[in-house]
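Asks: Fold the following.
(one chain, ligands or ions: 2)
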Amino acid sequence: MFKADTLEGRVAFITGGASGIGMEIAEMYGRLGATVMLASRNQERLDAAVSIMAGQGIKVAATRTDVRDYDDVKSAIDKTVKQFGALDILVNNAAGNFHCPTAELSPNGWRTVIDIDLNGTFYGCHAAYEHLKRSSFGGSIISIITMLGVSGWPGAAHAAAAKSGILALSRTLAVEWGEDNIRVNTISPGPIGDTEGVRRMYQETGREELERKKTALGHLGRKADIANAAVYLASDLASYVTGENMVVDGGRWLKYVAA
Ligand code: NAP
Ligand code: COA
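Replies: Ligands and ions are numbered 1, 2, ... in the order given. This is a model prediction of the structure:
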């Protein structure tokens, strides 16, 4: 358990923070003292998430943002700093994905996922940089990827390419921005229960049981498993950790290689 003031005083901008893993991260950050700004496209979902979190006493706001549009991302981040006085944590969690064999994937289908995941992450990092540099805690960037971006992902070449691109971007920025006191890390979740990702990639394709068996621990993860990792990486507990890819996958990656 983290201490209740683990993230006290920090401001976090979380893309895709109104659903799934992103919302779990936002709630946990908020409960540990951070102020959170949720950024995604669907206004109704943003309103619902704000209402749930505000009801728990979390300092929260939302801004309708499409991460594929740099100006949109920049103005959302600038608005966050104007409203809350600083930006300390950026979580690049927004993503789009669908199962599609590559031979059937249209150029626009490819571009759409690359735009959301890879370009959206670059836009977030670029727009946040000057603010994170000024963070009194030291800036922290956390991007949610997957080890399937490293192994390759049959049926999701667009997402595999985007996520491995984010890994390369993150490692590059960890070195470029280290002396600006900005840490840049990634988290690679395994299959996480009760999420849109698992629903569309594994349940709709009839692969949920296979994915479960692929993990060393024999079960899907919980959204809180990923949020715990995101708290650690954003906090002072990880003050000497940068360029790291934290794998939180129940041993799926290792079993993939070893079994
Ligand atoms: P999710 O609930 O569908 O989360 C995706 C979020 O991204 C949504 O809130 C969505 O909100 C937002 N989004 C999509 N396109 C956007 C855009 N153009 N601009 C701004 N926001 C956009 O799915 P999830 O399963 O929790 O996934 C969260 C993250 O975890 C993703 O990065 C995913 O790749 C990663 N991940 C998930 C799993 C898993 O098992 N679920 C495993 C490994 C990695 P709007 O539609 O309202 O914009
Ligand atoms: N199979 C094949 N192609 C698909 C597809 C599918 N299941 N879903 C979308 N596409 C293609 C579309 O046909 C279109 O290409 P085209 O113009 O050549 O026909 C292209 O992808 C863009 O689709 P569109 O529906 O216009 O995109 P969008 O911007 O409205 O939505 C998505 C983006 C497709 C990624 C949508 O699924 C989304 O919003 N996802 C967010 C949530 C999510 O994916 N969560 C899981 C995270 S792991």
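Asks: who's in contact with A39?
Replies: When contacts are counted by Cβ atoms under 8 Å, 6 or more residues apart in numbering, A39 is found next to 13-17, 62-65, 67, 73, 76, 94. C-beta here means a position set from N, CA and C on the backbone, and glycine is covered the same way.
Asks: Repeat that for S170.
Replies: I141, S143, V184, N185, T186, G243, N245.
Asks: Not counting residues beside it along the chain, what's closest to the residue in the stretch 51-200 of the chain that ligand 1 sits nearest to?
Replies: Going by Cβ to the nearest ligand atom, ligand 1 is nearest to G197 of the stretch 51-200 of the chain, at 2.6 Å. Spatial nearest neighbour of G197, chain neighbours left out: N97 (6.6 Å); criterion: Cβ to Cβ, 6 or more residues apart in numbering.
Asks: What parts of the stretch 151-259 of the chain come near ligand 2?
Replies: Contacts of the stretch 151-259 of the chain with ligand 2, taken as Cβ under 6 Å from any ligand atom, map to E196, G197, R200.
Asks: Return the members of those residues classed as buried.
Replies: Using 16 or more other Cβ atoms under 10 Å as the burial test, these include G197 as buried.
Asks: sorry, back to before: tell me how far the residue nearest to G197 lies from ligand 2.
Replies: Between N97 and ligand 2 the distance is 4 Å, computed by Cβ to the nearest ligand atom, to the nearest Å.
Asks: Phi and psi next, for that residue.
Replies: Backbone torsions of N97, given as degrees, to the nearest 10, read phi -160, psi 150.
Asks: can you count the residues close to K255?
Replies: 17 (other Cβ atoms under 10 Å).
Asks: Wait, it touches G218, no?
Replies: No. K255 lies out of contact with G218 (Cβ atoms under 8 Å); the separation is 9.9 Å.
Asks: Just want the residue of the stretch 151-259 of the chain that's nearest ligand 2.
Replies: Closest point on the stretch 151-259 of the chain to ligand 2, by Cβ to the nearest ligand atom, is G197, at 3.4 Å.
Asks: Is any residue of the strand or helix carrying Y256 near ligand 1?
Replies: Assigned by DSSP states H and E, Y256 belongs to helix 252-258. No. Using Cβ under 6 Å from any ligand atom, helix 252-258 stays clear of ligand 1, with a minimum separation of 9.9 Å.
Asks: chain center to that helix: distance?
Replies: Offset of helix 252-258 from its chain centre (Cα atoms, centre = their mean, to the nearest Å): 23 Å.
Asks: again, but for stretch 158-174
Replies: On Cα atoms, centre = their mean, the centre of stretch 158-174 falls 12 Å from the chain's centre.
Asks: ok, the residue of the stretch 151-259 of the chain closest to ligand 2 to K223 distance?
Replies: Distance from G197 to K223, counting by Cβ to Cβ, to the nearest Å: 10 Å.
Asks: S140 too?
Replies: 20 Å.
Asks: So for those two, which residue has more residues nearby?
Replies: Ranked by neighbour count (other Cβ under 10 Å), S140 and K223 place S140 first, with 28 against 20.
Asks: That one: what's it in contact with?
Replies: Contact analysis of S140 by Cβ under 8 Å, 6+ apart lists D88, I89, L90, L132, I182, R183, V184, N185, L233, A234, A238.
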